[in-house]
Structures are given as structure tokens and as C-alpha cells.
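[1] The sequence and its predicted three-dimensional model are supplied below.
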Amino acid sequence: MTRLYYEDSMLLSFDATVASVELSGDTTRVRLDATAFYPTSGGQPFDQGVLGGANVVDVIDDEVTGEIIHVVAGAAPFAVGDTVHGEIDRARRLDHMQQHTGQHILSAAFDRLLSVRTVSFHMGAASSTIDLAREVSAAEIERAVAEANRVVFDDRPVGIRYATDAEAAAMPLRKESQRAGVLRLVEVLDFDLSACGGTHVPRTGVIGLIVVTGTERFKGGSRVSFLCGGRALGGYNALRDVTTSASRSLSVGVAELPDAVTRLTNTGVDGIVSDDPEMALATLLAP
């Protein structure tokens, strides 16, 4: 079974031959001879889209057989041997590529600047996280984010190449791979080289922007939440709406909000005194 996304993450349309069809409750599990659908793997969720006219609701990586199982809604309207057409949801694929390549760059920035390694990565529906091996300060995060965005703004090429596990062992991989055999390597020019099977943007400029939205202590290190690309834009828009609403309610400029909220903790809101600025502001903005 050929994984078409290995060579071209921008591929959104393809044709393939049905290898097996298995009805399972109200869904059908389909195997193909080739696919551009990415399965849930390596902290990255699966692609959605349409296969042969049926909605794809899950994509599973069968690690035993090495095949990809496409789970489609209802009884699939095709049989073994049929040629089917697949269409990947573009918005979801682009979002996942922005987050995943952004993670590679952000993790490399922490590693290169601060010698702090990424232990794990998770891509959520709204935001993503990396878990770092030690706690990092706000100043260190700011340095890493600035460096990561410098690489994004450079619009560097992101390439794919292959190497055996022995060859890769002699390469400057950011993190040692535990896999044997031929490895797929994702390279951000002059910045990062990592073994990875995920989908990635062709150039760093496609990421647009990387922002860190929060951090917390986690298992002796730091869990860093971040947004890339369209998610970063959405986060900015949400923050803009909240600050605009707050500044209008308090009749102050956005830059004056911290002082205004501090005053609320002393004078109270509608007669309610609070020692918590966030609670005071929440009370003010409550419908």
C-alpha cells in the first residue's frame, strides 16, 4: 500500500483501487492499494474528506499489516477491484501541516538555543502542546518563539528524504529515532532534521506565524501550548474581541486595561469587591 502523502503533502485528490471492504456496524472499513489520507499517528490527527462518495470519519494506521484503514460512514457504495476517487479536506490538511511543521521549528528552536529537548507532542482540535524536558522561563520562551518565527519568515524550503536507520544514526537528527529500516526524514533547511511520517508544508512561510499561548509545569518540565497559521490568526481575533469589549466597558484604551482591572480589585464591580483581577473583569463582562 502506497502512502501518497509521504511524497506530496499538498496532494488533495487521488484515485486508487479497492483492496478490501468490510461492513462494521454503521460504518465500512476500506483498504486501498494507495492513499493520500493521513491516519492518526505521531500526535497528528487523521485527515477527513470523501472516498468514492462516502464521508471518511476515521483513518487508522494498522501497525500489524502496515495498511491504512479508511472508515467511511454507512455502507460503502463500491466493491473490491473498483477504482475510487478520494478528496482530502483542504482546510483540515493545511491546518495540520501548519501545526506539525510549526512544532518541528519551535522544538528545534528550544533545542538549538536552550538545549531543551521536546519529550512529546500533541495536536489538539483547538491548540497544540509540546512537553519540554525541563521548566522554561517566560524569557526563554520569548527567545525560542522569536527564533522560530525568524525561520518561518525566512520562507525556507521543507524537504523530504530517506535514510536507513544506520545512515540516520550518523546524521544530526534532533531526536534519535526508535524505528528500524528505512526512515522518512523531514528537513527544514539549515535548522532541523527529524524522522517523521507526518504531513508538512513545502516551505516555512506557509506556516505564517507561531505563537505560544500558555505554559504550565508538567512532569518536572514544561508543557507549552501554541498556535500556528490560521489558528494563530483565530487566537488573535478572539483576543482582540475580548480586549475591545473590555476597553469599551471600562471606557479606557486597550493599553490602559491592566491598570483599569487593578482598580476594579480595589473598588469592586457593581458593588462586588474582588481581590482577583480576572474575576473582577469576568464580572464586568458577564451578560
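    Happy to help now that I have it. Numbers count the residues shown, from 1 in each chain.

[2] can you tell me how far Val30 sits from Met97?
    Distance of Val30 to Met97, given as CB to CB, to the nearest Å: 24 Å. In this view, the C-beta of every residue, glycine as well, is placed from N, C-alpha and C.

[3] Tell me how far the spatially most central residue of the chain lies from Leu106.
    Geometric centre of the chain, nearest residue: Gln99, 3.0 Å, by CA atoms, centre = their mean. Noted for Gln99: a distance of 10 Å to Leu106, by CB to CB.

[4] and what of Leu264?
    From Leu264 across to Leu106, the span is 35 Å (CB to CB).

[5] Please apply the same query to Glu140.
    12 Å.

[6] Neighbour count for those two, which is higher?
    Shown here are Glu140 and Leu106; by other CB atoms under 10 Å, Leu106 has more neighbours (30 against 18).

[7] from what I can see, the more buried one looks like it's in a helix, true?
    Yes. Leu106: assigned to a helix according to DSSP: H, G, I helix; E, B strand; the rest coil.

[8] Could you look up the SS state of Asp95?
    helix.

[9] From what I see, Gly43 and Gly124 are in contact.
    No. Counting by CB atoms under 8 Å, Gly43 stays clear of Gly124, with 9.7 Å between them.

[10] So which of those two has more stuff around it?
    Gly43 (18 against 12).

[11] For that one, give its distance to Thr27.
    For Gly43, the distance to Thr27 - CB to CB - is 24 Å.

[12] Which secondary structure element is home to Glu167?
    Element membership for Glu167, per DSSP states H and E: helix 165-169.

[13] Paired strands for the next helix or strand after that helix, with orientation please.
    Using DSSP H and E, the helix or strand that directly follows helix 165-169 along the chain is strand 182-188. With DSSP bridges as the test, strand 182-188 is paired with strand 158-164 (antiparallel), strand 192-195 (antiparallel).

[14] JSON lines for the ones you listed, including distance to Leu113?
    Shown next, in JSON lines, are those (distance: least, CB to CB, whole Å):
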{"stretch": "strand 158-164", "distance to Leu113": "20"}
{"stretch": "strand 192-195", "distance to Leu113": "13"}
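
[15] Figure out which of these is closest to Phe110.
    Nearest to Phe110 among the strands paired with strand 182-188 is strand 192-195 (11.1 Å), distances taken as CB to CB.

[16] distance between the closest one and the chain's centre?
    Centroid separation for strand 192-195 versus its chain: 16 Å, with CA atoms, centre = their mean, to the nearest Å.

[17] what comes up buried for the helix or strand just after it?
    Downstream of strand 192-195, the first helix or strand assigned by DSSP H and E is strand 210-218. Using 16 or more other CB atoms under 10 Å as the test for burial, strand 210-218 gives 210-213, 215.

[18] again with stretch 45-58
    For stretch 45-58, a neighbour-count test (16+ other CB under 10 Å) marks 45-49, 51-52, 54, 56, 58 as buried.
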